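>>> predicted coordinates and the sequence they were generated for:
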Amino acid sequence: MKRNTFSARAALTAAGMSAALALASCGGGDNGNGNGGDADGSDLSITFIPKNLGNPYFDTSNSGGEDAVNEFDASFSEVGPQEDTPDGQVQYINTAAQQGEDAIVISGSDPSAPCDALNEAREVGVAVVTFDSDTNSDCRDVFVNQADAQGIAQTQVDLVAEQIGGEGQIAILSASANATNQNHWIELMEEELEANHPDIELVEIAYGDDDDQRSFDQTAALLQTHSDLDAIVSPTTVGIAAAARYISDSAYAGEVLVTGLGTPNQMREYVEDGTVEAFALWNPEDLGYLAAWAAHALATGEIDGEEGDTFEAGRLGEYTVGADGEILLGDPFVFDAENIDEFDF
Ligand code: RAM
């Protein structure tokens, strides 16, 4: 295995880098947009619903959301299921609507299962922002996307291709089989592998449901089934951490590499022990922060979610709603042994 020099890095922009670096110093603070969010947003009540509770990724994105809500002096809450299942979020959506919340900010566990509940909420005036994992576009107002899906897929394929020297067997350990975000990325990864990496064979796609134990067990099963496996790519922060933990403590350490999407705090020890050379992510805190400001913009009538609408997102500045109600945070960022200590999330 060679120490790579990541062509994926070429895809990173200065904007993505500074967004990621900003996390070290950000948190709370004044609304820097100067347009007086407090004046028309302080009576709002905003509910965040992650795919499931107990995932450090969502803890970080929700804390970014809470920072934003504090900046416009509104009321923040976070609720959600313990398990990531297709319809586990429905009861929380219904309750938020019944309680008269002004906005729901949700990472969809399934593209369609939450839709009826979300549309019923919208009918009674709740603004719906999806973030991280979209639902079908006809059951939300806007989708705050962490990064361009093609870039997320390309970055992960570049990472694994470089790490295994352009040939060998890989498996994907995903989140749930219904996850809109992971399924979209995997589809694009498969296209990229087919088009540009004829010597890399994708032998299996396994699902750990964003559950640590299930992801750990799925890692063991993948290694048992595929004795020539060179790497596991996990496009989920739960899966990559579980896979790295399993491998770092097994005879596969140094033989089977792990990469994908992870949080620096969960991956640090596996980068230090060499189980993981490099992995990618965006800044989840900024993602939650931007999603909360999008909710503010919708709930105050600053935007109605149409393409071309612009709104202020506090310390992140101005954003524009793109095609299909999509708002793009930035670019993915690659973490490795040289930079991981600069990050704390
Ligand atoms: C997990 C979740 C989330 C995804 C990250 C990369 O935390 O599945 O939806 O965006 O991984």
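Yep, it's here.

>>> for this protein, which residues are neighbours of the ligand?
Within the chain, the positions lying close to the ligand (C-beta under 6 Å from any ligand atom) are 51, 55, 57, 107, 132-133, 175, 181, 210, 236-238, 261. Glycine gets a C-beta too; all of them are placed from N, C-alpha and C.

>>> quick one: the helices in the stretch 1-150 of the chain, in order.
Secondary structure of the stretch 1-150 of the chain (DSSP state H, counting those that start in this stretch): helices located at 14-22, 37-41, 56-71, 90-98, 115-123, 149-163.

>>> who are the neighbours of the fourth one, in terms of helices and strands?
Spelled out, it's helix 90-98. Helix 90-98 sits against strand 45-49, strand 103-106, helix 115-123, with contacts defined as 3 or more C-beta pairs under 8 Å, 6 or more residues apart in numbering; DSSP states H and E.

>>> could you rerun that using 7 Å?
strand 45-49, helix 115-123 (3 or more C-beta pairs under 7 Å, 6 or more residues apart in numbering; DSSP states H and E).

>>> taking strand 45-49 as reference, get the angle to the last one.
If you take axes from the mean of the first three to the mean of the last three C-alpha atoms, to 10 degrees, helix 115-123 sits at 170 degrees to strand 45-49.

>>> which strands and helices sit next to helix 115-123?
helix 90-98, strand 127-131.

>>> what's the answer for the first one, then?
Contact here means 3+ C-beta pairs under 7 Å, 6+ apart; on that basis strand 45-49 packs against helix 56-71, strand 75-78, helix 90-98, strand 103-106.

>>> follow-up on the earlier one: can you put the helices and strands packed on helix 90-98 in CSV and add mean pLDDT and distance to residue 206?
Below are the helices and strands packed on helix 90-98 laid out as CSV (pLDDT from 0 to 100; distance: least, C-beta to C-beta, whole Å):
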stretch, mean pLDDT, distance to residue 206
strand 45-49, 98, 26
helix 115-123, 98, 27
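
>>> can you redo the ones you listed as a markdown table with distance to residue 73?
Converted to a markdown table, the helices and strands packed on helix 90-98 look like this (distance: least, C-beta to C-beta, whole Å):
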| stretch | distance to residue 73 |
| --- | --- |
| strand 45-49 | 12 |
| helix 115-123 | 23 |
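
>>> would you point to the one among these that's packed deepest?
Highest mean neighbour count among the helices and strands packed on helix 90-98 (mean count of other C-beta atoms under 10 Å): strand 45-49, with a mean of 26.

>>> can you list the residues that contact it?
62, 65, 69, 74-80, 89, 92-93, 96, 101-106, 292, 295 (C-beta atoms under 7 Å, 6 or more residues apart in numbering).

>>> now the buried members of those residues.
Among these, the ones that count as buried by 16 or more other C-beta atoms under 10 Å are 62, 65, 69, 74, 76, 78-80, 89, 92-93, 96, 101-106, 292, 295.

>>> contacting residues around the closest residue to residue 49 other than its chain neighbours?
Closest residue to residue 49 apart from its sequence neighbours, by C-beta to C-beta, 6 or more residues apart in numbering: residue 106 at 4.3 Å. Neighbouring residues of residue 106 by C-beta under 7 Å, 6+ apart: 49, 89, 114, 130.

>>> export the residues of the chain next to the ligand to TSV and tack on pLDDT, distance to residue 277 and neighbour count?
Formatted as TSV, the residues of the chain next to the ligand follow (pLDDT from 0 to 100; distance: C-beta to C-beta, whole Å; neighbours: other C-beta atoms under 10 Å):
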residue	pLDDT	distance to residue 277	neighbour count
51	98	28	29
55	97	24	26
57	98	21	25
107	98	28	30
132	98	25	26
133	98	27	26
175	98	22	28
181	98	24	24
210	98	23	27
236	98	18	30
237	98	17	24
238	98	20	29
261	98	14	28
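
>>> return the distance of stretch 146-156 from the chain's centre.
Relative to the chain's own centre, stretch 146-156 is displaced by 11 Å; criterion: C-alpha atoms, centre = their mean, to the nearest Å.

>>> can I get that stretch as PDB, trimmed to CA atoms?
Output in PDB follows, covering the C-alpha atoms of stretch 146-156 (Å, rounded to 0.1, in the frame of the first residue of the first chain):
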ATOM      1  CA  GLN A 146     -24.100  18.700   1.900                       C
ATOM      2  CA  ALA A 147     -22.200  18.500  -1.400                       C
ATOM      3  CA  ASP A 148     -22.800  17.600  -5.000                       C
ATOM      4  CA  ALA A 149     -23.700  13.800  -5.100                       C
ATOM      5  CA  GLN A 150     -21.300  13.300  -8.000                       C
ATOM      6  CA  GLY A 151     -18.500  14.900  -6.100                       C
ATOM      7  CA  ILE A 152     -19.200  12.700  -3.000                       C
ATOM      8  CA  ALA A 153     -19.200   9.600  -5.200                       C
ATOM      9  CA  GLN A 154     -16.100  10.600  -7.100                       C
ATOM     10  CA  THR A 155     -14.100  11.400  -4.000                       C
ATOM     11  CA  GLN A 156     -14.800   8.000  -2.500                       C
END
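
>>> quick one: the strands in the stretch 101-250 of the chain, in order.
103-106, 127-131, 142-147, 168-174, 200-207, 229-234 (DSSP state E, counting those that start in this stretch).
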